[in-house]
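The sequence isn't on hand, but the structure is:
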C-alpha cells in the first residue's frame, strides 16, 4: 500500500491548489515545512541523530539564498543551490563536532549551534539586516519563463516541484546501500561498527545531506516570501518540525508529509479561531500523539484494522 | 578592581540562581533518565504564583514566597504521577516531545491566567536596599541570593549524604532494579525528588526574577540555559551542576561586562568547545 501513498499525496497537493485558490500562501508554507521535516526524517528517522537544531541549516539556507539573490544572481534555481551549499557546509562543520557526542549532549549542541547562528545574524546587521530581517529580495522568473506572481500560483508550483524532486531523491537514497546502512546504524551502531561500517562518517554524511535539504527549504522561503527574518533560526521552528515528524511517523517519507500537513492545519485552525489560547491545542495534540500513537499517524491504519479484526490478534 | 568585584558578585549570584533552578533537572535526568524540557516551567509557575499572591492578593513577601513554592510542589507531584511516570520508559525523542507538549500547556495556562506581560515580583525593602561593606556598597539582594544558594547546596549535601532518604536516592540512581528488589520504594523516591526539584526551581524562579524576568514564555526562553547547566555539569551530579552553574554564571556575566557585542556568541562557543572535549560533562559518568 505504501507504494501508492506518495502519488496520492501528490494528487492531494494538486487538488488543494484548485480547492483553496485563496490560501496559496499558507499551502506553500506547508510545502516548505514538508521539505524541512523530510530533511529531519533523513537525519533523525533514518540515521537516528536526535536533533533539535535543524532550523540552523534552514536559516543558513534562507540567508544564503537571500544574499545570493541580492548581491550575485537573482535566478531561483541558482539560489536553491546556494541555499543547499550553505546548509551542507554548516551541517558538515557542526556535524564533525556534534556527532562525537551522544544522547542529551547531541540535542544540546544542535540547539546551541542554532542559537549561535541566530546571534551572528542578529549582530551582522549591515549584511543581514539584523532584527529587521533581510529585505529587498527580488527574484528573476523561474527558468526565465514563470514570473513570481502576487497570488502565489507560481510560488506554489515551484515549491511543489522542488519538494517532489527531493522526495524522489530521498526515496532512492533510502533504498540505496547508503540508506540501508543508515537504518542499520539506527538499529545498532555497535553491530554496524563490527561489520566494518564507519558509523561516525556515515552519520556525518547523513547530517550533511539533511543540512543541504534543510538549506533548500530555507532558500525556498527566502525566494517565495522575499524576506528572511531571525525567526528562521528559532528553536520553536526546530521543535515544531520534530513534532510534525513524530506526529506523522519517523522513518517513512510520507509520514513526514502527512504529519506536517496535519500539524500545520491544526495550528492554523487553532490560531485563527483563538489567537490567544491555541497553544493549548498544540500542547494537548503533542501529548496525545506521544501517549496514544507513539508510532505516529502512519501507524493508525494498522492500529484500526487490529481493532476491527477483533480479539484474535489483539496484543500481538 | 571594582569591575572585577561587580563581575564576581553578579556572576556568583546568577550562578546560584541557575544552580537552584537546574539542580532538580539534573537529579531527575540522572535518576529517572528522563529528558525534561518542561523543568523551567516550574520556575515560571513559582514566579507566577508569587506574583499573583503579592500583587493581586496583597500578601506579604515572606508569606507569599513559601506559599508559592508549596503551590508549585503541589502542582508538580500530580504531574509526576499522571504524566512523567508514564514516559520514564519511553525513548529519548518521545520524552522530548512529551515534555515540549507539557511546556506548551504550561505556557498556555499562565498566558490564560496572567496574560503575556511581564510578571513583576517586587522585593521587600529589606532585600532591595544596598548594604555598605565599608569599602563599597552592594545590593543586598545579590548577597542574599548567594547565601541562599550556599544554604541549598549544604542542605542538599546533608539530605543526600546524611539521611536515610539520601541513601535510598543514591541506591536508586545507581541501579533502580536492584534498589527496588531490596525493598526500596523507588516510585516514592522518584516522586519526592521530583517534588524537591520543582520546589527548588520555584525558589530559583522567584529570587532570580530580577535576572531572568518571569513571563509566560519563560520556560522556552531559558530552556536551553538550564539544559546547558545539566549537560556541562553531568547528568545526576549535584556538585557538577553547582560547578557548572557557577562557571556559566561567571562566564556569561564576564562576557556581558567585557565583550557585550559578542557575549552570546562567545558564551555558546565556549559551551560547544567544552562539550566537544567532555561530552559527558564535568562530573558526569561516561
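Sure thing, it's come through. Since the structure is predicted, the reported quantities are computational estimates derived from the model, not experimental observations. Numbers count the residues shown, from 1 in each chain, chains lettered A, B, ... in the order given.

Tell me how far the closest residue to residue A:289 other than its chain neighbours lies from residue A:223.
Leaving aside its chain neighbours, residue A:289 sits nearest to residue A:247 (5.2 Å; criterion: CB to CB, 6 or more residues apart in numbering or on different chains). From N, CA and C alone the C-beta is placed, and that goes for glycine too. To residue A:223, residue A:247 is 27 Å away according to CB to CB, to the nearest Å.

Residue nearest the middle of chain A, spatially speaking?
The centre of chain A sits closest to residue A:36, judged by CA atoms, centre = their mean, with a distance of 1.3 Å.

Surely that residue is within a strand?
No: going by DSSP: H, G, I helix; E, B strand; the rest coil, the assignment for residue A:36 is helix, not a strand.

who's in contact with it?
Contacts here follow CB atoms under 8 Å, 6 or more residues apart in numbering or on different chains; on that basis residue A:36 touches A:54, A:58, A:214, A:217-218, A:237, A:241.

Now for residue 99: which residues touch it?
Because you didn't say which chain, this covers chain A. Applying CB under 8 Å, 6+ apart, the residues near residue A:99 are A:49, A:106, A:200, A:203-204, A:207.

please go with chain B instead
Residues in contact with residue B:99 (CB under 8 Å, 6+ apart) are B:34-38, B:87.

And the helices in the chain?
Looking at chain A here, since you left the chain open. Under the criterion DSSP state H, helices of chain A are mapped to A:5-19, A:24-40, A:55-71, A:76-98, A:104-123, A:125-128, A:153-175, A:177-187, A:189-194, A:199-225, A:235-248, A:253-273, A:278-292, A:300-309.

looking at chain B here, not the other one
For chain B, applying DSSP H gives helices covering B:2-32, B:39-51, B:61-79, B:85-87, B:92-114, B:125-128, B:140-162, B:164-174, B:176-181, B:186-207, B:218-233, B:238-258, B:263-277.

least reliable of these going by mean pLDDT?
Among those, helix B:125-128 has the lowest mean pLDDT, at a mean of 78.

Quick check: buried residues in that one?
Using 16 or more other CB atoms under 10 Å in any protein chain shown as the test for burial, helix B:125-128 gives residue B:127.

which secondary structure elements does that helix contact?
Counting contacts by 3 or more CB pairs under 8 Å, 6 or more residues apart in numbering or on different chains; DSSP states H and E, helix B:125-128 is packed against helix B:140-162.

which other helices and strands contact the helix it packs on?
Going by 3+ CB pairs under 8 Å, 6+ apart, helix B:140-162 lies up against helix B:2-32, helix B:125-128, strand B:130-132, helix B:164-174, helix B:186-207, helix B:238-258.

Tell me how many other residues crowd the closest residue to chain B within the stretch 101-250 of chain A.
Residue of the stretch 101-250 of chain A nearest chain B, by CB to the nearest CB: residue A:101 (3.8 Å). By the criterion of other CB atoms under 10 Å in any protein chain shown, residue A:101 has 19 neighbours.

and what of residue A:4?
Close neighbours of residue A:4, defined as other CB under 10 Å, add up to 10.

ok so, going back, from residue B:221, how far out is the residue nearest to the centre of chain A?
To residue B:221, residue A:36 is 23 Å away according to CB to CB.

same deal with residue A:15?
41 Å.

try residue A:233
Separation of residue A:233 from residue B:221 (CB to CB): 15 Å.

the more surrounded of those two?
Neighbours per residue (other CB under 10 Å) separate residue A:233 from residue B:221, with residue A:233 holding more: 28 against 14.

is it true that the more buried one touches residue A:120?
No: here residue A:233 lies out of contact with residue A:120, judged by CB atoms under 8 Å, at a distance of 9.2 Å.

right, is stretch B:249-268 up against chain A?
Yes: Stretch B:249-268 is in contact with chain A by CB under 8 Å from any CB of the partner chain, via B:261-262, B:264-265, B:268.

So what would you say the end-to-end distance of that stretch is?
The first and last residues of stretch B:249-268 sit 13 Å apart, counting by CA to CA, to the nearest Å.

in that stretch, what counts as buried?
Neighbour counts using 16+ other CB under 10 Å place B:249-256, B:263-268 of stretch B:249-268 among the buried residues.

what does stretch A:200-220 give?
Neighbour counts over stretch A:200-220 (16+ other CB under 10 Å) mark A:202-220 as buried.

Figure out how far stretch B:64-81 is from the centre of its chain.
Remark: stretch B:64-81 is offset 14 Å from the chain centroid, using CA atoms, centre = their mean, to the nearest Å.

what's the answer for stretch A:110-126, then?
Stretch A:110-126 sits 20 Å away from the centroid of its parent chain (CA atoms, centre = their mean).

ditto for stretch A:257-276
Stretch A:257-276 sits 16 Å away from the centroid of its parent chain (CA atoms, centre = their mean).

swap in stretch A:123-135?
Chain-centre distance of stretch A:123-135: 24 Å, with CA atoms, centre = their mean.

repeat for stretch A:275-282
How far stretch A:275-282 lies from its chain's middle: 23 Å, per CA atoms, centre = their mean.

and that stretch, average pLDDT?
In this model, stretch A:275-282 has an average pLDDT of 81.

Could you do stretch A:213-223 as well?
Here the average pLDDT along stretch A:213-223 is 95.

Contact partners for residue B:68?
For residue B:68, the contact set (CB under 8 Å, 6+ apart) comprises B:46-47, B:49-50, B:53, B:202, B:206.

Show me the two of those that sit farthest apart.
B:53 and B:202 (12.2 Å; CB to CB).

Please say which of those two ends up with more neighbours.
Ranked by neighbour count (other CB under 10 Å), residue B:53 and residue B:202 place residue B:202 first, with 31 against 20.

just checking, the more buried one touches residue B:39?
No: taking CB under 8 Å as the definition, residue B:202 is not a contact partner of residue B:39, at 11.0 Å.

Now for the closest residue to residue B:198 other than its chain neighbours: which residues touch it?
What sits nearest to residue B:198 in space, not counting adjacent residues and going by CB to CB, 6+ apart, is residue B:76, at 3.4 Å. Listed by CB under 8 Å, 6+ apart, the contact set of residue B:76 reads B:42, B:194-195, B:197-199.

Can you lay out the contacts of residue A:36 as a markdown table showing distance to chain B?
Output for the contacts of residue A:36, formatted as a markdown table (distance: CB to the nearest CB, whole Å):
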| residue | distance to chain B |
| --- | --- |
| A:54 | 13 |
| A:58 | 18 |
| A:214 | 18 |
| A:217 | 21 |
| A:218 | 20 |
| A:237 | 12 |
| A:241 | 12 |
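
Tabulate those in a markdown table, adding columns for distance to residue B:116.
A markdown table is the format used below for the contacts of residue A:36 (distance: CB to CB, whole Å):
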| residue | distance to residue B:116 |
| --- | --- |
| A:54 | 27 |
| A:58 | 26 |
| A:214 | 30 |
| A:217 | 30 |
| A:218 | 28 |
| A:237 | 20 |
| A:241 | 24 |
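
State the pair within the residues you listed that is farthest apart.
Maximum distance among the contacts of residue A:36 (CB to CB): 12.0 Å, for A:218 and A:241.

ok so, going back, and the helices of chain B, which is most packed in?
Mean neighbour count (mean count of other CB atoms under 10 Å in any protein chain shown) peaks for helix B:39-51 among these, with a mean of 29.

now residue B:207: how far from residue B:142?
The separation that residue B:207 has from residue B:142, given CB to CB, amounts to 10 Å.

Check the contacts of residue B:68 against residue B:118 and report the nearest one.
Out of the contacts of residue B:68, the member with the shortest distance to residue B:118 (by CB to CB) is residue B:47, at 10.4 Å.

Isn't that closest one up against residue B:218?
Yes: with contact defined as CB under 8 Å, residue B:47 reaches residue B:218; the gap is 7.2 Å.

anything in contact with each of these two?
Here residue B:47 and residue B:218 have residue B:205 as joint contacts, going by CB under 8 Å, 6+ apart.

hang on, isn't the residue of the stretch 101-250 of chain A closest to chain B packed against residue A:112?
No: Residue A:101 is beyond contact range of residue A:112, at 11.3 Å (criterion: CB under 8 Å).
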